[in-house]
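Colleague: Give me the fold of what follows.
(chains A and B)
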Amino acid sequence: MAKQFRVQVVSVEALVWSGESEMVVARTTEGELAVLAGHAPLLGQLKEPSRVRIKVNGGDEIGFDVAGGFLSVSNDDVTVLAETAHPAQGEDPAAVAARGTATAEAH
Amino acid sequence: MAKPRELRRRIKSVQSTRKITKTMELVATSKLKRAQDRVVAARPYAAALAEVIGDLYAPELAERFPLLRQPAGGARGRRVALVVITANRGLCGAFNANLIREARRRIEQLEAEGAGVDLHLIGKKGITYFKFAKRPAASQRTDIGDKPSPSHAAEVVGPLITQFESGALDAVEVVFAQFKSAVSTPPTTLRVLPITPPNATDPGRKPGDPGLASGVSSVRRSANYILKPSAEAILEQLLPLYVRNQLYRALVETAAAFLGAQRTAMKNATDNAGDIIELLQRTYNRARQAQITQELAEIVGGAEALKG
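Modeller: Purely as a prediction, here's the structure:
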């Protein structure tokens, strides 16, 4: 099993999702990148609009549609900062919530 | 001594007042709960944003970003925009009065320093006061109620950011009620522009005392970041977000603080009404008893007289 690290997705109004993850895939203005545990500190501006995919334990993937977002990686903590963030289309918010530790709907 | 009938009327009146204040207290309490949740929910974002900016900030970057530029030289001839947030409604004790007092204090202070002040008023109570004081406002709005949204904040602060960038304004400050707890809501002045770089180690939560430029550690850390696309491009996006977020938090905190103050005020009113009712009831009982005693005495006296 891949090493896990903590991921937070926060929007202006709420903490949208937080939990453990194996890999985060996001598209910055300079191209798509994936973050694994132990990644070097990074700060990236996300492409607009963009979808951030978070791979959680067991190979499941959670997608978030993000607007006005930034990706910040430091000390094995990944934070997705966004003006708005929603679970991606087709994701069941309740199921998404179940896979995170703390969840609040953005709107 | 007051007539029993008069006393009954007053008891009724106080009782119905108590019913109203009690209801308002309950309404404020339930709204406060939600407003409090919003304050808490807004924290992770503010903290994360402050951390990122703190990490990125370096003194040499400040030169290049208008939003970070600290005012040079003295205060004379400066133009400062003061955003004063008050509630739309009253019945909340000294809440609005405290905010207005803080705003007046700040205006006097700025004007004593020789700066010009533009007033931007949010909330009916502030607008009413400054109209009464015959002080013209640069802008005013009352449509932000108990549930401020990030777009409200953007609408308010957007034009100010533009003016600041063009040099028409030298500073933007916000007077709002800090929400420490439901019972502690001190009015506070917060400078939002030029941006005081947040201290990376002390994220968010210090509106009254915006962290000073963070020390050497954060600057050193920023050198190790991989930046995509570049520090400049990212800061250019982040800084307005930060300003907007600060205003958003000021709005959310004031909304929650208002409900807290209202609940306290209504609780006090309800308690007072209870005390008054108790007092009136006692007076009424005594008056009634006195009347009965007197009637009895008259009957007994009359009967004695008849016996002769």
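Colleague: Against residue B:264, how distant is residue B:181?
Modeller: Distance from residue B:181 to residue B:264, counting by C-beta to C-beta, to the nearest Å: 11 Å. C-beta coordinates here come from the backbone N, C-alpha and C atoms, glycine included.
Colleague: Looking at the two, which one has more neighbours?
Modeller: Each of residue B:181 and residue B:264 has its neighbours counted (other C-beta atoms under 10 Å in any protein chain shown); residue B:264 has more, 18 against 10.
Colleague: Confirm that one sits in a helix?
Modeller: Yes - checked against DSSP: H, G, I helix; E, B strand; the rest coil, residue B:264 lies within a helix.
Colleague: If you tally nearby residues, what's the number for residue A:44?
Modeller: Using other C-beta under 10 Å, residue A:44 has 24 other residues around it.
Colleague: Within the helices and strands, which one has residue B:125?
Modeller: helix B:124-132 (DSSP states H and E).
Colleague: Okay, now the sheet partners of the helix or strand just after that helix, with direction.
Modeller: Using DSSP H and E, the helix or strand that follows helix B:124-132 towards the C-terminus is strand B:139-141. Strands that pair with strand B:139-141, judged by DSSP bridges, come out as strand B:116-122 (parallel).
Colleague: tell me how far the strand it pairs with is from the chain's mean position?
Modeller: 16 Å (C-alpha atoms, centre = their mean, to the nearest Å).
Colleague: Now do it against helix B:124-132, angle only.
Modeller: Per axes from the mean of the first three to the mean of the last three C-alpha atoms, to 10 degrees, the angle that strand B:116-122 makes with helix B:124-132 is 140 degrees.
Colleague: who's in contact with strand B:116-122?
Modeller: Strand B:116-122 is contacted by residues B:77-86, B:107, B:110-111, B:127, B:130, B:135-142, B:144, B:156, B:160, B:169, B:251 when judged by C-beta atoms under 8 Å, 6 or more residues apart in numbering or on different chains.
Colleague: Would you mind listing the buried residues in that strand?
Modeller: Across strand B:116-122, burial judged by 16 or more other C-beta atoms under 10 Å in any protein chain shown covers B:117, B:118, B:119, B:120, B:121, B:122.
Colleague: ok, back up a step: and the contacts of strand B:116-122, which are buried?
Modeller: Buried by 16+ other C-beta under 10 Å: B:78-86, B:107, B:110, B:127, B:130, B:140, B:144, B:156, B:160, B:169, B:251, out of the contacts of strand B:116-122.
Colleague: Residue A:25 is in contact with residue A:52, correct?
Modeller: Yes - with contact defined as C-beta atoms under 8 Å, residue A:52 counts as touching residue A:25 (7.2 Å).
Colleague: now the helices for chain A?
Modeller: For chain A, helices defined by DSSP state H occupy the ranges A:93-99.
Colleague: One more: the stretch 201-308 of chain B?
Modeller: Assigned by DSSP state H, counting those that start in this stretch, the helices in the stretch 201-308 of chain B fall at B:216-223, B:231-307.
Colleague: Briefly note if the last one comes near chain A.
Modeller: Okay, so that is helix B:231-307. Yes - counting by C-beta under 8 Å from any C-beta of the partner chain, chain A is contacted by helix B:231-307 at B:233, B:234, B:237, B:238, B:241, B:245, B:248.
Colleague: so what's the fifth one closest to, chain neighbours aside?
Modeller: Spelled out, it's residue B:241. residue B:49 (6.5 Å; C-beta to C-beta, 6 or more residues apart in numbering or on different chains).
Colleague: which parts of chain A sit against chain B?
Modeller: Selection of chain A residues close to chain B by C-beta under 8 Å from any C-beta yields A:8, A:10-15, A:28-30, A:33, A:40-45, A:68, A:70, A:72, A:74, A:79, A:81, A:83, A:104.
Colleague: Any of those residues buried? List them.
Modeller: A:8, A:10-15, A:28-29, A:33, A:41-45, A:68, A:70, A:72, A:74, A:79, A:81, A:83, A:104.
Colleague: Of those residues, which belong to strands?
Modeller: Counting by DSSP state E, these place A:8, A:10-11, A:15, A:28, A:33, A:42-45, A:70, A:72, A:74, A:79, A:81 in strands.
Colleague: ok, back up a step: compare the mean pLDDT across the helices of the stretch 201-308 of chain B and name the weakest.
Modeller: Ranked by mean pLDDT, the helices of the stretch 201-308 of chain B end with helix B:216-223 at the bottom, a mean of 45.
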